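Student: any chance you could fold what I've pasted below:
(3 chains)
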Amino acid sequence: MILLDNLSQFLFSGLTTGSIYGLIAIGFGVVHNASGIMNLLQCEFITLGGMITVTFYAFIGVPLAISIPLAITTVTLIGALFERSAIRTARSQQILVLIFITIGASISVKGLALIIWGSDPFVLPPFSGNEPIHLLKATIVSQNLWIFAITLFVVIALYFFFKKSVTGKAMRAVSCNQRAAALSGICVNRMTLLSFAMSGALGAVAGIIIAPITTTSYDVGFMLGLKGFSAAVLGGYGSMPGAILGGLLLGVIESLATGLISSAYKNAIAFIILLLVLFVRPSGLLGSPEAERI
Amino acid sequence: MESSDLKKHHHLLYLMVLALAIAILPLFIETSYYLLVLNVIGLNTMVVVGLNLLVGYAGQISMGHAAFYGMGAYVSAVLTTNMDLCPWSLSWFPQWSLSWFIILLAMLLTGAVAYLIGIPTLRLKGNYLVMATLGLNIIFEIVLVEWDSVTGGANGMAGIPHLTVGGLRFDSDLKFYFLIWGLSLVALLASLSLVDSRVGRALRAIHGSEVAANTLGINTHRYKVKVFVLSAMFASLAGSLYAHYITVITPKSCDIVYSIQVVIMVIVGGLGSVWGSLFGAVMLTLLSEFLHIMEKFNVVAMGLILMVVMIFFPEGFIPGILHLIRKKRSPNVILGEELESPFGGNTL
Amino acid sequence: MLEVVELCKSFGGIMALMNVSFHADPASLTAIIGPNGAGKTTLLNIISGVYLGSSGEVLFDGKRITGMPPHEVAYLGITRTFQNLQVFHNMTALENVMVGFHSCTSARFVACLARSWKVRREERQVRQRAAEMLKWVNLAGREHQPGAALPYGDQKRLELARALISRPKMILLDEPVSGLNTSETADMAELIVKLKESGITIVLVEHDMNFVMQVSDKIVVLNYGEKLAQGTPFDIQNDDRVIAAYLGDD
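Tutor: Next up, the predicted model:
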């Protein structure tokens, strides 16, 4: 059964990209929960993660194991800096104004990336070995396992952060009710700053771990980021389990549809799903419809 | 009462001055490059005026207007280059009128598409509306590239015929200049009439407070859809004209970048200002032509403009500057007044 | 005129209204009072169509209006004001009031684009009527100021003018005097009494007891989403349960 063999192959590759979408979706969700903003600069965090790692590793010659944390730190700082400089100084805190600011930042960073790194794609070496592994009639490379492991680690770490740590609890409080949180002594500004930093880190991780498989270039984050957003909406915008579920589901659907039907419209699938979800059930699979209050 | 009527006379006066300026401007222009730039400004004005009705007045947002521009352009291109496919080409209408009918047909088709899309999309708010329209634009782009038997794929289509009226052929920059700007003036006039009417007030009310508008008898959703359709049709018209003017069309001329560019024009010119739309189109088109030499910096500049304007002038660049000047002139305004963005809306 | 029958509303399991029934007679003033969170505004929101009730129904002139969208409710002749002001900040005072006339005018989208002769004539009439309305609420001379630039008390009266210009049969006022000082409250009370005398049915929500006792024909008391009592101002003032709900029962 060739079809069945392929099926497990599609499933694996779908889960791999799905994990990436999930990480990006969490990045969107974290910022949304803390500030209500849809941060489109998230796309560029992905690009920057990959490209800065490439810069350290290939251009400067820093070992990969050091380049990666360096890149993640840099992007985290960029995220924080963006919040501190652009978002917080904005004279109007209307959501749409803030979204436009993130769109503007995103375009500029993408343009700068093109100027700095050019339009050629770069490749990072896999984190360990290159030998393919045979599993359930599918052939996967070790990098897939790295992606699963890292995603799992990040999700567990975030789970404990939000459930156990004081800061994590404070962030959840802010997402429930900003004013009440501020009144009980939580510095909302700091939480927003932190959320941007976290989304920077998450985007960078996603961009780095996928780079050995798909290569990285100045515009890699655009599609990945928007698909990550679709995943977030599919799972339920702002919900962490939803982000992971939406990511994996989107990855698998995309991979199956590409493999079994046609690859021509591969990039359209995520957006068709996004529109369907928005039209039919905007709260997503795991989100709860918000009750409007007047 | 008088002052508002006066304002209307002012608008008419401005329009006449503008028309006069447009009429005599070509006398001072020798190179056709400048005419080309002016024509592009005219086309952008058409799109931006329509988009401003949606974004600036009704307070909705579309990051996918390039798709409607593209629909106009591609419907015109596909149908006029395959005239033999038209069943009605043998009718008693003169051959030249067909292209014009196709432009109208493209507008109607685009309007119909916008209507179908608008119904579910405009129930969404803020974040989601941005992404839904962005997603639509991306899907449209992909369809253009992949459906190459009809659209010519990534290479696009060439050999789109010039427009003609009887023996008059719109085949030079100058002839197109008058056509484009004539229609732009009509678009400006129609928008000015609309915003200062029952419908225009309803649109602004939706923006100001959707609940309040609704409880005063305004079917808010239907108005949003209508203005969405109208702005899509403006974009479609501009797209069709572009196709007949340049005679070549590629998916690149209606990609996301263009969608963002027209939104920036709206924002720079001023949200909720018909005249601002014109200024936004002029300034951004000129800037983009100026930066054309350093193409890579164009995108960076666009992004920076969007970011900086939104940070410091949430009501738009030109209104923001005017506000500052007025403040300097009469310093006795209330200090620390809350800056109202046109996106405002009383928070519920 | 207005009849509310066993209305219930829950927000995700929390009952905001439980089996609330009452009616309002034509040309009368019914006040709904109750401690914070009693469900008063929710009640107004359901009557005006902003919220969907969970069960029960609302009848207006014998016609069922439950589940109608707000704009259809407005066309039946019910308008309202808001507790947290919803003045259109992007319009002048005059334009704010002109929007209120929406349901009484008919200019269509395409006609407005072309600014037809009919549109222009209608426009003149609306403008004139809006100016008269502003005068009626003592805002003459403020026509061309941005709605949001008016002082708080003026904005309240602006909302009143906006809701009245369409000559509604019934008006819902959500806390019409909250945040007003004594003289502004007296002005508002005078306007509201004048309104009642002109034959408009009024249903209002208010915390200011002096004001409520002074203007109401009938008072409905809500507490935790349930109707606690109803009656004339005199009845309510002497009702033990009401006193207990307001002051605590121990």
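Student: CA only for contacts and neighbour counts going forward, please
Tutor: Noted.
Student: which pLDDT value belongs to residue 145?
Tutor: Assuming you mean chain A. What the model reports as pLDDT for residue A:145 is 89.
Student: you answered for a different chain; I wanted chain B.
Tutor: pLDDT, residue B:145: 93.
Student: pretty sure it sits against residue B:153.
Tutor: Yes. Using CA atoms under 8 Å, residue B:145 is in contact with residue B:153, at 4.1 Å.
Student: more crowded one of the two?
Tutor: Neighbours per residue, other CA atoms under 10 Å in any protein chain shown: of residue B:145 and residue B:153, the larger number sits with residue B:145, 21 against 18.
Student: residues contacting that one?
Tutor: With contact set as CA atoms under 8 Å, 6 or more residues apart in numbering or on different chains, residue B:145 has these partners: B:151, B:152, B:153, B:154, B:251.
Student: apply 7 Å and report the result again.
Tutor: Neighbour list for residue B:145: B:153, B:154, B:251 [criterion: CA atoms under 7 Å, 6 or more residues apart in numbering or on different chains].
Student: C-terminal to the host helix or strand of it, what's the next element?
Tutor: When elements are assigned from DSSP states H and E, residue B:145 belongs to helix B:126-146. Beyond helix B:126-146 in the direction of the C-terminus, DSSP H and E gives the next helix or strand as helix B:148-151.
Student: in that next one, which residues are buried?
Tutor: Across helix B:148-151, burial judged by 16 or more other CA atoms under 10 Å in any protein chain shown covers residue B:151.
Student: and what of stretch B:54-63?
Tutor: Neighbour-count burial for stretch B:54-63 [16+ other CA under 10 Å]: B:54, B:55, B:56, B:57, B:58, B:59, B:60, B:61, B:62, B:63.
Student: thought the third one was touching residue B:275?
Tutor: No. In this structure, residue B:56 sits apart from residue B:275 without contact. The criterion is CA atoms under 7 Å, and the distance is 11.9 Å.
Student: circling back: now render the contacts of residue B:145 as CSV, adding pLDDT.
Tutor: Listed next are the contacts of residue B:145 as CSV, based on pLDDT from 0 to 100:
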residue, pLDDT
B:153, 88
B:154, 89
B:251, 94
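Student: which helix or strand contains residue A:65?
Tutor: Judged by DSSP H and E, residue A:65 forms part of helix A:64-82.
Student: can you name the next helix or strand after that helix?
Tutor: Going down the chain from helix A:64-82, the next helix or strand is helix A:95-117, by DSSP H and E.
Student: please go through chain A and pick out the longest helix.
Tutor: Assignment by DSSP state H gives helix A:2-35 as the longest helix of chain A.
Student: cool, chain B as well?
Tutor: Chain B, longest helix under DSSP H: helix B:220-246.
Student: what about the helix or strand following that one, distance to the chain center?
Tutor: Proceeding N to C from helix B:220-246, the next assigned helix or strand is helix B:256-269, under DSSP H and E. Centroid separation for helix B:256-269 versus its chain: 9 Å, with CA atoms, centre = their mean, to the nearest Å.
Student: check stretch A:173-188 too.
Tutor: The answer for stretch A:173-188 is 25 Å, by CA atoms, centre = their mean.
Student: do the same with stretch B:106-116
Tutor: The answer for stretch B:106-116 is 15 Å, by CA atoms, centre = their mean.
Student: mean confidence for that stretch?
Tutor: 95.
Student: repeat that for stretch C:85-99.
Tutor: Rounded mean pLDDT across stretch C:85-99 is 93.
Student: next, see if it gets close to chain B.
Tutor: Yes. Stretch C:85-99 reaches chain B (CA under 7 Å from any CA of the partner chain) through C:86, C:88, C:89, C:90, C:99.
Student: gap between the two ends of that stretch?
Tutor: 16 Å (CA to CA, to the nearest Å).
Student: hang on, the earlier thing: are the longest helix of chain A and chain B in contact anywhere?
Tutor: No. Figure legend: helix A:2-35 not in contact with chain B (CA under 7 Å from any CA); closest approach 9.8 Å.
Student: so which elements touch whichever helix or strand comes after that helix?
Tutor: As assigned by DSSP H and E, the chain's next helix or strand after helix A:2-35 is helix A:42-54. Identification of packing neighbours for helix A:42-54 by 3 or more CA pairs under 7 Å, 6 or more residues apart in numbering or on different chains; DSSP states H and E yields helix A:64-82, helix A:95-117, helix A:188-214, helix A:220-235.
Student: save those as a markdown table, and put in mean pLDDT, mean neighbour count and distance to residue C:71 too.
Tutor: Conversion of those to a markdown table gives the following (pLDDT from 0 to 100; neighbours: other CA atoms under 10 Å in any protein chain shown; distance: least, CA to CA, whole Å):
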| stretch | mean pLDDT | mean neighbour count | distance to residue C:71 |
| --- | --- | --- | --- |
| helix A:64-82 | 95 | 20 | 43 |
| helix A:95-117 | 91 | 23 | 26 |
| helix A:188-214 | 93 | 25 | 38 |
| helix A:220-235 | 93 | 28 | 30 |
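Student: of all the ones you listed, which lies closest to chain C?
Tutor: helix A:95-117 (16.3 Å; CA to the nearest CA).
Student: can you tell me, leaving aside adjacent residues, what's nearest to the residue of the stretch 101-250 of chain A found nearest chain C?
Tutor: Nearest to chain C, among the residues of the stretch 101-250 of chain A, is residue A:176, at 15.2 Å (CA to the nearest CA). Leaving aside its sequence neighbours, residue A:176 sits nearest to residue A:33 (CA to CA, 6 or more residues apart in numbering or on different chains; 8.0 Å).
Student: shouldn't the one you found be in contact with residue A:175?
Tutor: Yes. In terms of CA under 7 Å, residue A:33 counts as a neighbour of residue A:175; the distance is 4.6 Å.
Student: from residue B:239, how far out is residue B:70?
Tutor: 6 Å.
Student: again with residue B:131
Tutor: 23 Å.
Student: these two - which one has more neighbours?
Tutor: A direct count of neighbours by other CA under 10 Å for residue B:131 and residue B:239 places residue B:239 higher, at 34 against 25.
Student: residue B:180: neighbour count?
Tutor: Residue B:180 has 24 nearby residues by other CA under 10 Å.
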